[in-house]
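Participant: Structure here, sequence nowhere to be found:
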């Protein structure tokens, strides 16, 4: 198995399937996520994606539980961690008075990570996968998937907030030559 540090071949095709973790109590109550478990892991059915050379997951419990429920043996990849909401973890969205982080993507009033920092982290991770010729599946967070779509489309950073990623949905990306391509997004994993 290749890792992002291995030599890449510029014309090798890389396929990537990003799966958003299943629902949690924070998802349901519109709260900033903490390291909470899934609400209904038993409702998830295993999924066989065929020839996948690398399965990865974000480090949070909700990602690891989703991967296990899908029947995937994943390695934890810290680059797939959720946007760090610092002191706001666990708080309901309507409890937060400072909304500067919604318009200023470099703001992190919660003491965590800014959206701008997340975009840079995810872009670097995607750049590390280019030309590896692998098929990668990863369970991660809506914020990480939104950041990946922004990067792939070379969209303005502010479009981050205009991308909806549902729980337990997937987005497929591919890379060949000089750029990534968005193949499809928003499909339910267990239809």
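Facilitator: Here it is on my side, so go on. These figures come from a predicted structure and were not determined experimentally. Numbers count the residues shown, from 1 in each chain.
Participant: Packing partners of the longest strand along the chain?
Facilitator: Of all segments of type strand in the chain, defined using DSSP state E, the longest is strand 179-188. Judged by 3 or more CB pairs under 8 Å, 6 or more residues apart in numbering; DSSP states H and E, the packing partners of strand 179-188 are helix 142-153, strand 169-176. Any C-beta I mention is one placed from the backbone N, CA and C, and that applies to glycine too.
Participant: residue ranges for the strands of this protein, please.
Facilitator: All strands of the chain, identified by DSSP E, fall at 14-20, 54-57, 75-76, 135-140, 169-176, 179-188.
Participant: for the protein, which spans come out with low pLDDT?
Facilitator: For the chain, the stretches with pLDDT under 70 are 1-11, 191.
Participant: Using the centroid of it, identify the residue furthest from it.
Facilitator: Going by CA atoms, centre = their mean, the residue of the chain most distant from its centre is residue 97, 26.5 Å out.
Participant: Residues contacting the top helix by length along the chain, please?
Facilitator: For the chain, the helix with the greatest residue count under DSSP state H is helix 115-129. For helix 115-129, the external contacting residues (CB atoms under 8 Å, 6 or more residues apart in numbering) are 4-5, 14, 16, 77, 79-80, 83, 101, 105-106, 108, 113, 136, 143-144, 147-148, 150-152, 157, 160, 173, 175, 180.
Participant: Give me the neighbour count for the residue lying closest to residue 106 once chain neighbours are set aside.
Facilitator: Distances taken as CB to CB, 6 or more residues apart in numbering put residue 116 closest to residue 106, at 4.5 Å, once the chain neighbours are dropped. When neighbours are defined as other CB atoms under 10 Å, residue 116 has 15 of them.
Participant: Which residue, other than its chain neighbours, is closest to residue 140?
Facilitator: Distance criterion CB to CB, 6+ apart; nearest residue to residue 140, sequence neighbours excluded, is residue 80 at 4.2 Å.
Participant: Could you give the number of residues near the one you found?
Facilitator: Residues near residue 80, counting by other CB under 10 Å, number 24.
Participant: check contacts around it.
Facilitator: Residue 80 touches 56-59, 63, 125, 138-141, 144, counting by CB under 8 Å, 6+ apart.
Participant: what's the closest of the residues you listed to residue 43?
Facilitator: Distance to residue 43, by CB to CB, is smallest for residue 139 among the contacts of residue 80, at 15.5 Å.
Participant: picking that back up, could you say which of the contacts of residue 80 is surrounded by the most neighbours?
Facilitator: Highest neighbour count within the contacts of residue 80, by other CB under 10 Å: residue 139, with 32 neighbours.
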